[in-house]
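Engineer: Sequence unavailable; structure follows:
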């Protein structure tokens, strides 16, 4: 049965011709639609916006890494809101490249010198991707391609004439100079040998030469807005150098010639001056307290200098008389008992240090010794031919138990307002261990209260007859 059916099919010319025509129609249909993709084959469809689709036609290939991955199905002109045009392409891509990363770029490139083009896609590495039906933005179409006609248009008449003249000039320049060129090329060999490590360093990634040129461009862009000021600067520099030209020789020249020896001397001598500068700094630091007192002590020093001018002329006879004294001093110092006496004086001075440290503030801070002698002289200032007598005033003592007018069994302590003992046998005078105050003569009287010892509060450092800040001021005899 099967053998007879097959024989019947091949034996019918009409049926064989119909099958042949059907196969031919299917082949032609598939060939016609091959650029748009085979029918019934699933595709990954995207739209792409490009600035310019010139010479790009429907059916052009889409490639990734040189391999065909799809084709352009439609090309449609569009217009932005600001009126500028762009082209929107519909791409039918293989499902194997889905999904395409969102940071991918595309470029329209020439396929041949005849003008045929294709779209090259450079896949990105981002995590986001284009879903089917998405649109690739215009910003992804970069860089802007250079068309062949643009390249050919650079060779205009002016450029061609310049190239001809350049070739002619080079030809005339090289004519008859073959031997010299050979010698120059031979001399370049050492230069190229030395240039090789330099080029290796420049091309190394650590050198970052590409960033150097980028930064040069940034620097140029920074300088561009102030180009007028830069031009004015050079004009002013020209004026300045013209003015300096008149004194360049011999003055500036001699300065330049003498500067190195001068700097050499300074380098050699400055370290030797450091001890002197250090000692001078310490000296002036120690002089600061004395300089601070000059406003008040300068008049006294001036009076001393005036007196000195009167006394100094009388000093030569005195100095001649002192010559014998100074001759006797060495003989005196050689005596054995003198060294023992000096040793005892040294011990005495050492033992007096605590006492002097305690008593010195009474005069230095409070001026009490001067006030004592002043008050003593005032006490005995009245008198006649027979002598002087003391001045005093009788003050009535307060009434009450244990008052100061007679014997008492204890310090007066009331009951009347004035019958209270006020006694301070050891007033503070800024000595070590005491409050920094001049208490004697400055104690306030506190009525209605017994006060034995130091008065409450700080009475300050002011006593009568003080002129400097270290001697404070104001009234111990008030």
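Structural biologist: Alright, I've got the coordinates. Small disclaimer: the values here were computed from a predicted structure and weren't measured.

Engineer: CA atoms for contacts and neighbours, from now on please.
Structural biologist: Noted.

Engineer: And the helices in the stretch 101-250 of the chain, which stretches?
Structural biologist: Ranges of helices in the stretch 101-250 of the chain, per DSSP state H, counting those that start in this stretch, are 148-153, 157-174, 178-203, 209-223, 227-245.

Engineer: got a list of contacts for the last one?
Structural biologist: Residues from elsewhere that reach helix 227-245 (C-alpha atoms under 8 Å, 6 or more residues apart in numbering): none.

Engineer: Would you mind getting the angle between it and helix 209-223?
Structural biologist: Computed by axes from the mean of the first three to the mean of the last three C-alpha atoms, to 10 degrees, the angle separating helix 227-245 from helix 209-223 equals 90 degrees.

Engineer: now the third one
Structural biologist: What separates the directions of helix 178-203 and helix 209-223 is an angle of 90 degrees, with the same axes, to 10 degrees.

Engineer: Work out the gap between helix 178-203 and the centre of the chain.
Structural biologist: 45 Å (C-alpha atoms, centre = their mean, to the nearest Å).

Engineer: tell me the angle that helix makes with helix 157-174.
Structural biologist: Using the same axes, to 10 degrees, helix 178-203 lies at 120 degrees relative to helix 157-174.

Engineer: and helix 178-203, average pLDDT?
Structural biologist: For helix 178-203, mean pLDDT rounds to 86.

Engineer: Number of residues surrounding the residue lying closest to residue 207 once chain neighbours are set aside?
Structural biologist: Counting by C-alpha to C-alpha, 6 or more residues apart in numbering, residue 207 lies nearest to residue 201, which is 6.7 Å off, once chain neighbours are set aside. Residue 201 sits with 14 neighbouring residues when counted by other C-alpha atoms under 10 Å.

Engineer: Show me how far stretch 82-90 is from its chain's centre.
Structural biologist: For stretch 82-90, the distance to the chain centre is 52 Å (C-alpha atoms, centre = their mean).

Engineer: and that stretch, which residues are buried?
Structural biologist: 86-90 (16 or more other C-alpha atoms under 10 Å).

Engineer: now these in CSV, with pLDDT?
Structural biologist: Formatted as CSV, those follow (pLDDT from 0 to 100):
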residue, pLDDT
86, 86
87, 85
88, 86
89, 86
90, 87
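
Engineer: which of these lies closest to residue 315?
Structural biologist: The closest of the buried residues of stretch 82-90 to residue 315 turns out to be residue 86 (C-alpha to C-alpha; 113.9 Å).

Engineer: mind listing the strands in the stretch 301-450 of the chain by residue range?
Structural biologist: For the stretch 301-450 of the chain, strands defined by DSSP state E, counting those that start in this stretch occupy the ranges 382-384, 387-389, 422-423.

Engineer: From those strands, pick the one with the highest average neighbour count.
Structural biologist: strand 422-423 (a mean of 17; mean count of other C-alpha atoms under 10 Å).

Engineer: for the record, mean pLDDT for it?
Structural biologist: pLDDT averaged over strand 422-423 gives 86.

Engineer: Return the list of helices and strands in contact with the helix or strand just after that strand.
Structural biologist: Later in the chain than strand 422-423, the nearest helix or strand by DSSP states H and E is strand 451-452. If you count contacts as 3 or more C-alpha pairs under 8 Å, 6 or more residues apart in numbering; DSSP states H and E, strand 451-452 packs onto strand 422-423.

Engineer: residues in contact with the strand it packs on?
Structural biologist: 445, 450-453.

Engineer: of all those, which comes closest to residue 430?
Structural biologist: Of those, the one sitting nearest to residue 430 (C-alpha to C-alpha) turns out to be residue 453, at 15.5 Å.

Engineer: If you drop the residues flanking it in sequence, what lies closest to the closest one?
Structural biologist: Per C-alpha to C-alpha, 6+ apart, closest to residue 453 is residue 424, 4.3 Å.

Engineer: Quick check, the one you found in contact with residue 454.
Structural biologist: Yes: assessed by C-alpha atoms under 8 Å, residue 424 is found in contact with residue 454 at 5.9 Å.

Engineer: just to revisit the earlier point, quick check on the contacts of strand 422-423: which are buried?
Structural biologist: 450-451.

Engineer: Reformat the contacts of strand 422-423 into TSV and put pLDDT next to each item.
Structural biologist: Converted to TSV, those look like this (pLDDT from 0 to 100):
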residue	pLDDT
445	85
450	87
451	87
452	88
453	86
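
Engineer: Tell me the one among the contacts of strand 422-423 nearest to residue 97.
Structural biologist: residue 453 (106.2 Å).

Engineer: In this structure that closest one contacts residue 428, no?
Structural biologist: No: checked against C-alpha under 8 Å, the pair residue 453 and residue 428 is beyond contact range at 9.8 Å.

Engineer: low-confidence ranges in the chain?
Structural biologist: Scanning the chain for pLDDT under 70 picks out 1-12, 14-16, 26-41, 113-115, 143-150, 465-478.

Engineer: domains in this structure, as residue ranges please.
Structural biologist: 33-152, 191-246, 351-380+411-478 (automatic domain parsing).

Engineer: can you redo these as a markdown table with distance to residue 318?
Structural biologist: A markdown table is the format used below for the domains of the chain (distance: least, C-alpha to C-alpha, whole Å):
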| stretch | distance to residue 318 |
| --- | --- |
| domain 33-152 | 107 |
| domain 191-246 | 67 |
| domain 351-380+411-478 | 31 |
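
Engineer: between these, which gets nearest to residue 277?
Structural biologist: Nearest of the domains of the chain (C-alpha to C-alpha): domain 351-380+411-478, 29.9 Å.

Engineer: tally of neighbours for residue 217?
Structural biologist: 12.

Engineer: ok, back up a step: using CSV, lay out the helices of the stretch 101-250 of the chain together with distance to residue 315.
Structural biologist: What follows is the helices of the stretch 101-250 of the chain, written out as CSV (distance: least, C-alpha to C-alpha, whole Å):
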stretch, distance to residue 315
helix 148-153, 110
helix 157-174, 102
helix 178-203, 86
helix 209-223, 80
helix 227-245, 63
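
Engineer: so which of the ones you listed comes closest to residue 365?
Structural biologist: Of those, the one closest to residue 365 (C-alpha to C-alpha) turns out to be helix 227-245, at 65.4 Å.

Engineer: where's that closest one relative to the chain centroid, distance-wise?
Structural biologist: 31 Å.

Engineer: about what we covered before: what's the closest of the helices of the stretch 101-250 of the chain to residue 124?
Structural biologist: Here helix 209-223 is closest among the helices of the stretch 101-250 of the chain (C-alpha to C-alpha), at 22.7 Å.
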